[in-house]
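Novice: The sequence isn't on hand, but the structure is:
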């Protein structure tokens, strides 16, 4: 009962703060709403008994990545816009956004709730009906940390290192852009 209430609380907080991320004009407030979204997602991971992923979500995303985003936003002084800005907030832009949103919502609802020809079961439930449990097998073999760290540093080592290189390039680029503006 309380888990259901917490699920709905975290879900609503994640969706509402996610909407605020993309609708705020001030980039600093968008970044802070993104922090709220990350904490809400972390709460959902805790409800799913994925405590390690929840801790990583808070430490890596809400901690390190968001500090990096906030640092770059403040370094580039993006809070003040000069001149005319191209904006798609007119009637056509709102219609396009509403159309895409309703279409995506209908596709998700169709996948989760299911089709009549599947006998009332959703596509997700139907596809998972007889599937083996690779996550359970990895947890049995390596433990929770090893199940995440093993593939990360074995099969996905190159994408992991490229991501860190990309973040380093973003920091250096932000510093270069900020130094050009100084007299």
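Specialist: Right, received. Where do you want to start? A quick note: this is a predicted structure, and the numbers were derived from the prediction, not measured.
Novice: tell me the contacts of residue 31?
Specialist: Contact partners of residue 31, counting by CB atoms under 8 Å, 6 or more residues apart in numbering, are 66, 69, 70, 73. Any C-beta I mention is one placed from the backbone N, CA and C, and that applies to glycine too.
Novice: Repeat that for residue 32.
Specialist: Residue 32 neighbours (CB under 8 Å, 6+ apart): residue 70.
Novice: Report the buried residues of the one helix or strand it maps to.
Specialist: Residue 32 is part of helix 27-47 when elements are defined by DSSP states H and E. Neighbour-count burial for helix 27-47, with 16 or more other CB atoms under 10 Å as criterion, is recorded at 27, 30-46.
Novice: Same check on stretch 15-29?
Specialist: Neighbour-count burial for stretch 15-29, with 16+ other CB under 10 Å as criterion, is recorded at 17, 18, 20, 21, 27.
Novice: Filter those residues down to the ones in helices?
Specialist: Among those, the members found in helices (DSSP state H) are 17, 18, 20, 21, 27.
Novice: Pipe those residues into a markdown table and attach distance to residue 146 and pLDDT per row.
Specialist: Shown next, in a markdown table, are those (distance: CB to CB, whole Å; pLDDT from 0 to 100):
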| residue | distance to residue 146 | pLDDT |
| --- | --- | --- |
| 17 | 33 | 92 |
| 18 | 32 | 91 |
| 20 | 37 | 91 |
| 21 | 34 | 88 |
| 27 | 39 | 78 |
